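> Below: sequence and its predicted model.
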Amino acid sequence: KYENLFINFKRKKGVKGMNTYLGIDYGGTKLIIGEVREDGELLRYRRYPTGLTGQEEIAAHLLQCLDNYVAEEAPGDRVRGAGIGIVGISDYRNGIWHSVNHEEGIPIPLAQMVADRLGVPAGIDNDVRSAATAELLWGEGKNCSDFIYVNAGTGLAAGFVIDGKVLHGAHCDAGEIGHMVVDYRSSRECVCGRRGCCELTASGIGIHKMVEERQGEAPAELLELGLNGRYPAAAVFRLAREGDDFCLSIAEEAAAVLSCTIMNLVRMSDPDMVVAGGGLMSDPWFFRRVENLLEKVTMRHVSKGFRVSGFEAAFSGVIGAAAVGCLKAE
């Protein structure tokens, strides 16, 4: 069914009207609701605060913000479908949000709740697979049926597109590549219960943890930036570019682990292309360092290359959510 929907969308996409798809992007630090045109262009959006932890509270807050968006933006009849891209575990097939993290949660029929609010079909998926769907319909992958979307941001995850379909897995948990072990001798403990997971190095969380482990060597400027929370990866990359040896060593370790992870994924799924998304990969300097570590023999069949997503990292989530809604509307 998913494949047929995608084929039908491909046939229709040459005709552009005023139809839009509503994207609801719920992450740990922000909620963005926006309208996306049927060619993938974000037309308008509103940002709302998050910070809640309970599933039922989050669902109620999301619906309240959706009501506000509808009241303020009056999308009316131009919206044909809606999608929710959200953290945790989501069942794309049945429209259920199962968990805010990877522990046992409450099955909430969030897609149907949104559909009832808007009067249009609605779908749900996790945030990274939603972004992969946007790449498939409107982005770097629109002319490619086999690719990997790797999102290196606060965490590390992927969306696998195989034969033109996004891989969801038997339990809707495919793509959690951040929990692949890259150093089984590591002392770094992961929330998944194992040690040496690649997310503990090749992500915003991982970079923060590496700086935290070696605070005594860190430059004063970086330590000051981390006083109120996380040591920002963007600052680490900037200081590395400016010649700080400590920050360069942190960035190099992150790049080495990320390139190794990407090559492992290439060996596993044999894609034509790898698309890089997320805040870390939107930094051209860091992207090039990762790219330079990809071995030619391993990457020789990635005929369409290793490339950065064309979507702005801050809005890939809301565009991805709208892509899920687009498929559900077909």
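Nice, thanks for sending it over.

> Leu223 and Glu217 touch, don't they?
No - counting by Cβ atoms under 8 Å, Leu223 stays clear of Glu217, with 10.3 Å between them. Quick note: C-beta positions are derived from backbone N, CA and C, even for glycine.

> neighbours around Ser145, how many?
Residues lying near Ser145 (other Cβ atoms under 10 Å) number 16.

> How about it, nearest residue that isn't a chain neighbour?
Gly164 (4.1 Å; Cβ to Cβ, 6 or more residues apart in numbering).

> and that neighbour, how far is that from Ser303?
17 Å (Cβ to Cβ, to the nearest Å).

> got it, and Ala218?
41 Å.

> Between the two, which is the more surrounded one?
Ala218 (23 against 10).

> and the more buried one, what does it touch?
Listed by Cβ atoms under 8 Å, 6 or more residues apart in numbering, the contact partners of Ala218 are 211, 231, 246-247.

> Next, work out how far apart it and Tyr231 are.
Ala218 is 8 Å from Tyr231, by Cβ to Cβ.

> now do Cys247
Distance from Cys247 to Tyr231, by Cβ to Cβ: 10 Å.

> same question, Pro219
Between Pro219 and Tyr231 the distance is 11 Å, computed by Cβ to Cβ.

> for Asp25, same thing?
From Asp25 over to Tyr231 (counting by Cβ to Cβ), the distance is 25 Å.

> For the nearest residue to Glu312 once chain neighbours are set aside, grab the count of nearby residues.
Of all residues not flanking Glu312 in the chain, Ser282 sits nearest, at 7.8 Å (Cβ to Cβ, 6+ apart). Close neighbours of Ser282, defined as other Cβ under 10 Å, add up to 20.

> Tell me who's in contact with the closest residue to Leu136 other than its chain neighbours.
Excluding the flanking residues, the one nearest Leu136 by Cβ to Cβ, 6+ apart is Val161, at 5.5 Å. Counting by Cβ under 8 Å, 6+ apart, Val161 makes contact with 132, 135-136, 141, 144-149, 167, 271.

> Throw the residues you listed into TSV and include pLDDT, thanks.
Shown next, in TSV, are the contacts of Val161 (pLDDT from 0 to 100):
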residue	pLDDT
Ala132	97
Glu135	97
Leu136	97
Gly141	93
Cys144	96
Ser145	95
Asp146	97
Phe147	98
Ile148	98
Tyr149	98
Leu167	96
Pro271	98
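
> circling back: with neighbour numbers in mind, choose between Pro219 and Tyr231.
Neighbours per residue, other Cβ under 10 Å: of Pro219 and Tyr231, the larger number sits with Tyr231, 22 against 16.

> With Arg37 as the reference, measure out to that one.
Taking Cβ to Cβ, one finds Tyr231 at 38 Å from Arg37.

> what does Glu213 give?
Distance from Glu213 to Arg37, by Cβ to Cβ: 45 Å.

> So the two - more neighbours on which side?
Neighbour count, other Cβ under 10 Å: between Glu213 and Arg37, Arg37 has more, with 17 against 13.

> pretty sure the residue nearest to Leu136 belongs to a strand, no?
Yes - with DSSP: H, G, I helix; E, B strand; the rest coil as the criterion, Val161 is part of a strand.

> Let me have the contacts of Val161 in a markdown table, adding distance to Glu312 as columns.
Below are the contacts of Val161 laid out as a markdown table (distance: Cβ to Cβ, whole Å):
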| residue | distance to Glu312 |
| --- | --- |
| Ala132 | 16 |
| Glu135 | 13 |
| Leu136 | 18 |
| Gly141 | 17 |
| Cys144 | 21 |
| Ser145 | 25 |
| Asp146 | 25 |
| Phe147 | 19 |
| Ile148 | 20 |
| Tyr149 | 15 |
| Leu167 | 25 |
| Pro271 | 23 |
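
> Give me the subset of those residues lying in helices.
132, 135-136 (DSSP state H).

> Just give me the closest of the residues you listed to Ile319.
Glu135 (9.5 Å; Cβ to Cβ).

> and that closest one, how many neighbours does it have?
29.

> For the nearest residue to it once chain neighbours are set aside, list the residues it contacts.
Nearest residue to Glu135, sequence neighbours excluded (Cβ to Cβ, 6+ apart): Gly141, at 4.2 Å. The contact partners of Gly141, by Cβ under 8 Å, 6+ apart, come to 132, 135, 147, 149, 161, 273, 275.
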